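Enquirer: take this sequence and fold it.
(4 chains)
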2 protein chains.
Amino acid sequence: MAGRKSSGVLELAVLGLLHETPMHGYELRKRLNALLGMFRAFSYGSLYPCLKRLVEQGLIVEDRPEDDDPGGALLLQSRRSKIVYKLTADGKERLQELLTEAGPAAWEDEGFGVRFAFFSHTRADVRLRILEGRRSRLEERLESFRAALARTRERVDSYTLELHNHGLESVEREVRWLNELIGRERAEQAGGRSKRPDERAEEASADDTSDGDR
Amino acid sequence: MAGRKSSGVLELAVLGLLHETPMHGYELRKRLNALLGMFRAFSYGSLYPCLKRLVEQGLIVEDRPEDDDPGGALLLQSRRSKIVYKLTADGKERLQELLTEAGPAAWEDEGFGVRFAFFSHTRADVRLRILEGRRSRLEERLESFRAALARTRERVDSYTLELHNHGLESVEREVRWLNELIGRERAEQAGGRSKRPDERAEEASADDTSDGDR
DNA sequence: TGCCGATGTATCGGTCCGATACATCAAGGC
DNA sequence: GCCTTGATGTATCGGACCGATACATCGGCA
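Expert: Residues are numbered from 1 along each chain as shown, chains lettered A, B, ... in the order given. Below you'll find the predicted structure:
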């Protein structure tokens, strides 16, 4: 039971960023939005609750700089200072778990983007599976959408049609991008594995849809 | 005070769809997701609360098919049936208001998509302003993003770079699309203006709604 | 000195969504 | 006739997420 997708996206992003180096919230958010770039942005209203959840789960710890107030008195509430968040061993484990999972959650729009951003920390075989899953998800979406478009061909105004075509082309473009990436991944894996000549007889046909778009 | 964007998107979409013909929830959702196509989809968990809000605001009314239960007894709770929603006069007014507004809300990602889907019901000058607003919003995003990219050029791994470039190209592509649309709009308006005077009168009068104050 | 913008932490009211539940009805197998 | 199946249809809950907002600190800089 969990609203939406059980935090997935933000949790993974925070864990991944914190894996590289401990940080406080403000910087975390900046790096988050820089990392995710054009395709996603989180606000403090999401980040801080998420950090709180992660602390509760023991995946990260907060390092507050010495404000125990030993005398006991002096309850000046104004003692706000930087809080540095750091990954725990459990957190690292959880990150690996999330990064290794290659199920549907990894190729839905949001989940895919975040996972892709951390691909350099992901196992090569998982990368390939995610890329392929994403591609087939997109192709399936394309197909059902094209069918729906054909069904209503003559009953939509020109602006709606324009919007639909633009969306269609965007997705087609992403499929071509994925094709290129998959080809690259495969070539790389085949190359790295070249100790075994008997194994890779086929597969060299990786250059399927590499038309020079762009 | 309003969470997120004060409902904007769904509200407009529902009002717009209901303007064409009354419908019940299920069909409303289907048409909604067909209209918005690849770029957005709403679930019942959003739709029904939204309909409830719209009823409360008096923008739509629900037409339940005669189940008053006059006798008073017979509290069979199972009397569920189709509920057809219909736009009220206030609702039409509100729709016009939303369709005519050409502020920032109209060129943010979500707001823009929905408004574009209803462009055929939007005044030509408003269309142009929204298109141009959207374009400059995108260009501004592009610029700040390119700056950020240049700043961190050598410090990102190849996958992050790949993601950034893909995002960048997607946005550039949308700008080109907007350019084309804007050109088309302008040509159309110029053509209409320099052509027959009666055509122009038709557009000018259209359906009053001359903003005035509200 | 006093103001300003960047840095920094935090919450509130609200939207939206995935999952789920439950009801109706037509088609088709048996 | 009965029963499963799937499309149709209405409805809610818990939770993720967000925009706005509030408040505090700190380094310029006029």
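Enquirer: domain parsing of chain A, as residue ranges.
Expert: When chain A is parsed with automatic domain parsing, its domains come out as A:8-65+A:83-112, A:123-192.
Enquirer: identify, out of those domains, the most deeply packed stretch.
Expert: domain A:8-65+A:83-112 (a mean of 17; mean count of other Cβ atoms under 10 Å in any protein chain shown). To be clear about C-beta, it is placed using only N, CA and C from the backbone, and glycine gets the same treatment.
Enquirer: tell me the contacts of A:Met23?
Expert: A:Leu17, A:Arg31, A:Val84, A:Tyr85 (Cβ atoms under 8 Å, 6 or more residues apart in numbering or on different chains).
Enquirer: what about stretch A:101-115, average pLDDT?
Expert: Taken as a whole, stretch A:101-115 carries a mean pLDDT of 86.
Enquirer: the most centrally placed residue in chain A in helix, strand or coil?
Expert: Within chain A, one residue has its C-alpha closest to the average C-alpha position: by Cα atoms, centre = their mean, that is A:Val114, at 1.2 Å. Three-state call for A:Val114 (DSSP: H, G, I helix; E, B strand; the rest coil): helix.
Enquirer: tell me who's in contact with it.
Expert: Neighbour list for A:Val114: A:Val9, A:Leu12, A:Ala13, A:Gly16, A:Leu36, A:Arg40 [criterion: Cβ under 8 Å, 6+ apart].
Enquirer: for the closest residue to the first one other than its chain neighbours, phi and psi?
Expert: Spelled out, that is A:Val9. Excluding the flanking residues, the one nearest A:Val9 by Cβ to Cβ, 6 or more residues apart in numbering or on different chains is A:Glu110, at 4.8 Å. Backbone torsions of A:Glu110, given as degrees, to the nearest 10, read phi -70, psi -50.
Enquirer: got it, and A:Met23?
Expert: Torsion angles, degrees, to the nearest 10, at A:Met23: phi -150, psi 160.
Enquirer: bridge partners for it, pull those for me.
Expert: A:Met23 has the following beta-bridge partners by DSSP bridges: A:Tyr85.
Enquirer: for whichever strand or helix holds A:Leu131, enumerate the helices and strands it packs against.
Expert: Per DSSP states H and E, A:Leu131 falls inside helix A:124-151. Packing partners of helix A:124-151 (3 or more Cβ pairs under 8 Å, 6 or more residues apart in numbering or on different chains; DSSP states H and E): helix A:109-117, helix A:158-192.
Enquirer: now the first one, how far from the chain's geometric center?
Expert: Distance, stretch centre to chain centre, for helix A:109-117: 2 Å (Cα atoms, centre = their mean, to the nearest Å).
Enquirer: where's A:Met23 relative to A:Leu59, distance?
Expert: Noted for A:Met23: a distance of 15 Å to A:Leu59, by Cβ to Cβ, to the nearest Å.
Enquirer: my read: A:Ser158 touches B:Ala117, true?
Expert: No - applying Cβ atoms under 8 Å, one finds A:Ser158 not in contact with B:Ala117, separated by 11.6 Å.
Enquirer: before we move on, back to that, and of the helices and strands packed on helix A:124-151, who's closest to DNA strand D?
Expert: Closest to DNA strand D of these is helix A:109-117 (Cβ to the nearest atom of the strand; 7.2 Å).
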